[in-house]
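>>> Sequence and computational prediction follow.
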Amino acid sequence: MGEFYGFFDFENPTNDQFDAASGGKDNFRTAGKVTSHIYLGDSPFSVYAHVYDFRDYGYNAREQDQILGLGYRTTFANGLWFKPFLGAARVQSDGYTGMNGFMAGWVAGYDFTATGQNFSVTNWHEQTFGRDDDYLNQNYVNGKAGSVGTNGAVSLWWHPIDLITTGIQYRYADEKLGTPDNYQNAMIYTVKLNLL
């Protein structure tokens, strides 16, 4: 028994591979992620694995992060759920391939009803630490990143019908996404079709 989650997105799909007007900031890129919890029998413990793959076609750059470790699942009667994990990290990229420290994180959420509608608040968070110096020197633009990196989002979702979920996310990252010494954030508006 287990759980699987994944996504694949196209970033700036109407732009050239190298977008000259933005100096490369708005290049055509792709990103995909698959995560899984394979539960150990009837226990709340799991083997946790995830793969994240990013490609920037204008710079012909790629990075794939691979995490393998242990997870846990707990659900409370009030609608709160929490799934932490801890794993060893490996990376394959143009600049560095090999073990790259560790990642700890969680996915958490709270499901609730208001004004007769179904909502949820969720948070995914990843904390990388103990990353390799060669990776930090070679895979970041304009300097070396710190050994600890932060990545995640806090979201409010509305579920008007089973087929559709829409929401707003506050996306955050620090010492990640190829940028050292620069806290990054964004607001993301999403409409999802729930096909399964």
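Cool, got the structure. Numbers count the residues shown, from 1 in each chain.

>>> Going by C-alpha atoms from here, please, whenever you check contacts or count neighbours.
Will do.

>>> Nearest the geometric middle of this structure, what residue?
Gly152 (6.3 Å; Cα atoms, centre = their mean).

>>> That one: which element?
Per DSSP states H and E: Gly152 is located in strand 149-161.

>>> partners of that strand in the sheet?
strand 117-129 (antiparallel), strand 164-174 (antiparallel) (DSSP bridges).

>>> Now for the residue nearest to the centre of the chain: which residues touch it?
Asn123, Trp124, His125, Glu126, Arg171, Tyr172, Ala173 (Cα atoms under 8 Å, 6 or more residues apart in numbering).

>>> Just name the closest of those residues to Phe4, please.
Nearest to Phe4 among these is Trp124, at 14.8 Å by Cα to Cα.

>>> Quick one: residues contacting the closest one.
Gly105, Trp106, Val107, Ala108, Gly152, Ala153, Val154.

>>> Need the residues you listed in a markdown table (columns: distance to Tyr96).
Shown next, in a markdown table, are these (distance: Cα to Cα, whole Å):
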| residue | distance to Tyr96 |
| --- | --- |
| Gly105 | 23 |
| Trp106 | 26 |
| Val107 | 28 |
| Ala108 | 32 |
| Gly152 | 23 |
| Ala153 | 27 |
| Val154 | 30 |
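
>>> Out of the residues you listed, the closest to Phe82 would be?
Ala108 (4.4 Å).

>>> any idea which element the closest one lies in?
Going by DSSP H and E, Ala108 is in strand 97-114.

>>> related to what we said a few turns ago, redo the contacts of Trp124 as JSON lines? Include distance to Ala21 and pLDDT.
As requested, those are exported to JSON lines (distance: Cα to Cα, whole Å; pLDDT from 0 to 100):
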{"residue": "Gly105", "distance to Ala21": "37", "pLDDT": "97"}
{"residue": "Trp106", "distance to Ala21": "38", "pLDDT": "97"}
{"residue": "Val107", "distance to Ala21": "37", "pLDDT": "96"}
{"residue": "Ala108", "distance to Ala21": "39", "pLDDT": "97"}
{"residue": "Gly152", "distance to Ala21": "29", "pLDDT": "95"}
{"residue": "Ala153", "distance to Ala21": "29", "pLDDT": "96"}
{"residue": "Val154", "distance to Ala21": "32", "pLDDT": "98"}
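
>>> Now the residue lying closest to Thr166 once chain neighbours are set aside: phi and psi?
Nearest in space to Thr166, with sequence neighbours left out and distances taken as Cα to Cα, 6 or more residues apart in numbering, is Val191 at 4.3 Å. With angles defined as degrees, to the nearest 10, Val191 sits at phi -130, psi 120.

>>> So Val191 versus Gly58, what's the distance?
As for Val191, its distance to Gly58 is 28 Å (criterion: Cα to Cα, to the nearest Å).

>>> higher neighbour count, the two?
Applying other Cα atoms under 10 Å to Val191 and Gly58 shows that Gly58 carries more neighbours, namely 18 against 12.

>>> Could you tell me which residues make contact with the closest residue to that one other than its chain neighbours?
Excluding the flanking residues, the one nearest Gly58 by Cα to Cα, 6+ apart is Phe18, at 3.9 Å. Going by Cα under 8 Å, 6+ apart, Phe18 touches Gly24, Asp26, Asn27, Phe28, Tyr57, Gly58, Tyr59.
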